[in-house]
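In: Here's a sequence, model it:
(2 chains)
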Amino acid sequence: MSGDVMEVALRRGFINPSYEIYGGVSGFYDYAPLGAALKKNLEDIWRRYFVIEEGFFEISSPTISPEEVFVASGHVSNFVDPLVSCEKCGSAFRADHLISSAVDVKTDGLSFEELSRLIREHNLRCPDCGGELGEVYSYNLMFKTYIGPGKKKVGYLRPETAQGIFILFPRLYSFYRKKLPFGVAQIGKAYRNEISPRQGLIRLREFTQAEVEIFIDPRDKRHPNFERYAGERLRLLPQDREEEVELTAREAVEQGIVKHEFLCYYLVHTQRFLLELGIPYERLRFRQHLREEMAHYAADCWDAEVRTERFGWIEVVGIADRTDYDLKAHERHSKVELRAFRQFEKPEKRRRLVLEPKMAKLGPEFKRLAKKIATTLRELPESEVRRFAERGELELSIAEERVLITGEHAEVKEVEEVITGEKFVPHVVEPSFGIDRIFYCVLESAYYQREGRNVLRLSPELAPVKAAVFPLLTREELVKVAREVFEEVKRAGILAIFDASDSIGRRYARVDEIGVPFAVTIDFDTLEDETVTIRERDSAQQVRVPKSEVAGILRDLIEGRRRFAELG
RNA sequence: GCGGGUGUAGUCUAGUGGUAGGACCCGAGCCCCCCAAGCUCGUGACCCGGGUUCGAAUCCCGGCACCCGCACCA
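Out: Down below sits the predicted model:
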């Protein structure tokens, strides 16, 4: 089995538990020097896939939101778990689940006091040990705070970055010149006050999400670029099956296993991204959420999962069809229209009956109510207008008052209108990445041992340090030249390190352990013929190249324009 | 949040009621013509806070962190 990659990650400065000198706080990790660099490289690759290649843009919104945002999104109510603990054995249970499974009572919307009372009334006991149950208490996974002095303005740290995009919809829609589909990306911190964070980077209280919200027309969930991925293979675990099936993207959609092309396109796109990070195909699968684990907003959701040595299958990406849930919710709460416009192929001409209010009569008679009455009359459905035309009168309820409208207040007219299109609430497809988890998977996938030494097989793009420069021996003449080469490499924009201590073998071993892909060594031949060696990490092979070209060659190798094997 | 286990240098570990040794790592130097463990010297630790005691890293209590189970994980 593998050695302990986490031990390497801690010891060599990739990550460390936060607040160590004060005893630590679980659920928080620092990205140490190499980890911060690796994480940044990982995020840049993500940007290449989900921003540049897809033609989307990235935004950055605040991590603290006023509570309205999460009232609307459903997080304030859906994120509160009523828990009850056994006084004797300490097991905790969802109070509402406990009650509804033991007694035929609907628990929806009951207060905690009412839940506590129900437990007492029915003399419910601990299902584990039969012990006495305590009072029901709430546990909300959002961190709460107050905005400004005093406690009037409640705020929450965002539990996901997505809402920051949804609430910007009108601005973003016009930024993208009112055309669907469009996507908006965001990489940022999110916060969940987990009851019991475990497993290092896998369950954090503060973590990094990379999300894209793609707004699409619900009538057309095909993807314009689906063809380029149609033949790609995916390992899928559908909700109604025990075993994984391997299908092409096209087959998955045609068989109705993945609901539509748009979702499936992003399964493939996500897979390509994860493969590029060095996560092997054999350790990857897409698992469809079970109905009961589906989030309150989702119509369909697939998790990309990676099989790790340490933790087994872990979810690293969620790809969900969030439908119009979020936009509708914010529209309802904010009273701001969050809709797109769909133009008809041909404008529709329609004749219809409308009511034209006679303001000259309405005004004096109804005074303050007149304006509201007029608006209501104009917006009256055609069936109501028809009924008014037949009966000659109509009763309305305006601002809690009943008013009688007759022929002298309004006139029925037939109008011809041209309808060029209609408004609708877009659906949202959301690939959502847990960057910290992916970070862990990348480390674990990259890690192996060679002759008892640790090696990180990170791609040059991911590697936090791109190159090392060594004098073969600590002779002044070699060190001097090596320093010159080192300066030149840095001038070429390459993040490199210099090391002249210990034996050359030990120095190679040290840089292998942190995943440096290339090492340049200056030896006595360099003094003769102005050449240096470049050593590749994974093969430990060396080639000689002219000293004057080494920086350029390193850049080509790192940026993928040349391959090491083709150098010699 | 509950139960069990663990907590000695960067890492792995030895140890006794009288205040700590080792290995690797790391630093300086030597040696060294290409893949860790050559030589010399050196830095560096008993998770935190109380209590018992003349004295505690060692015993007791509380906290924190980590590991394993339970619960939780839109």
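In: any idea how far the residue in the stretch 251-400 of chain A that RNA strand B sits nearest to lies from residue A:7?
Out: Closest residue of the stretch 251-400 of chain A to RNA strand B, C-beta to the nearest atom of the strand: residue A:295 (2.2 Å). C-beta coordinates here come from the backbone N, C-alpha and C atoms, glycine included. Using C-beta to C-beta, to the nearest Å, residue A:295 is found at 36 Å from residue A:7.
In: Who has more neighbours out of these two?
Out: It is residue A:295, of residue A:295 and residue A:7, that has more neighbours when counted by other C-beta atoms under 10 Å, with 14 against 10.
In: The more buried one contacts residue A:320, doesn't it?
Out: Yes. The pair residue A:295 and residue A:320 passes the contact test of C-beta atoms under 8 Å, sitting 6.9 Å apart.
In: if I look at the two, which residues touch both of them?
Out: Listed as contacting both residue A:295 and residue A:320 by C-beta atoms under 8 Å, 6 or more residues apart in numbering are residue A:301.
In: now the helices for the stretch 151-300 of chain A?
Out: For the stretch 151-300 of chain A, the helices defined by DSSP state H, counting those that start in this stretch cover A:162-166, A:169-175, A:226-229, A:249-254, A:261-276.
In: Can you list the buried residues in the second one?
Out: Same thing as helix A:169-175. Buried positions in helix A:169-175, judged by neighbour count with 16 or more other C-beta atoms under 10 Å: A:169, A:172, A:173.
In: check contacts around the first one.
Out: Neighbour list for residue A:169: A:215, A:327, A:330, A:338 [criterion: C-beta under 8 Å, 6+ apart].
In: 10 Å instead, please
Out: Counting by C-beta atoms under 10 Å, 6 or more residues apart in numbering, residue A:169 touches A:184, A:213, A:215, A:326-327, A:330-331, A:336-340, A:425-426, A:428.
In: Top of the residues you listed by number of neighbours, please.
Out: residue A:213 (29 neighbours).
In: Surely residue A:439 is in contact with residue A:34?
Out: No. With contact defined as C-beta atoms under 10 Å, residue A:439 does not reach residue A:34; the gap is 11.5 Å.
In: re earlier: would a markdown table of the buried residues of helix A:169-175 with pLDDT and distance to RNA strand B be doable?
Out: What follows is the buried residues of helix A:169-175, written out as a markdown table (pLDDT from 0 to 100; distance: C-beta to the nearest atom of the strand, whole Å):
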| residue | pLDDT | distance to RNA strand B |
| --- | --- | --- |
| A:169 | 95 | 19 |
| A:172 | 95 | 21 |
| A:173 | 95 | 24 |
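In: what's the closest of those residues to residue A:505?
Out: Residue A:505 has its nearest neighbour among the buried residues of helix A:169-175 in residue A:172, at 55.3 Å by C-beta to C-beta.
In: Check the spacing between the closest one and residue A:391 real quick.
Out: According to C-beta to C-beta, residue A:172 stands 47 Å off from residue A:391.
In: what's the answer for residue A:116, then?
Out: From residue A:116 to residue A:391 the distance is 55 Å (C-beta to C-beta).
In: same thing with residue A:277?
Out: Counting by C-beta to C-beta - residue A:277 and residue A:391 are separated by 70 Å.
In: could you say what helices and strands the helix or strand where residue A:114 lies packs with?
Out: Residue A:114 is part of helix A:112-121, with elements assigned from DSSP states H and E. For helix A:112-121, the contact count by 3 or more C-beta pairs under 10 Å, 6 or more residues apart in numbering; DSSP states H and E identifies strand A:80-85, helix A:95-102, strand A:137-140 as packing neighbours.
In: Name the residues of it that are buried.
Out: For helix A:112-121, the neighbour count (16+ other C-beta under 10 Å) marks A:112, A:115, A:116, A:118, A:119 as buried.
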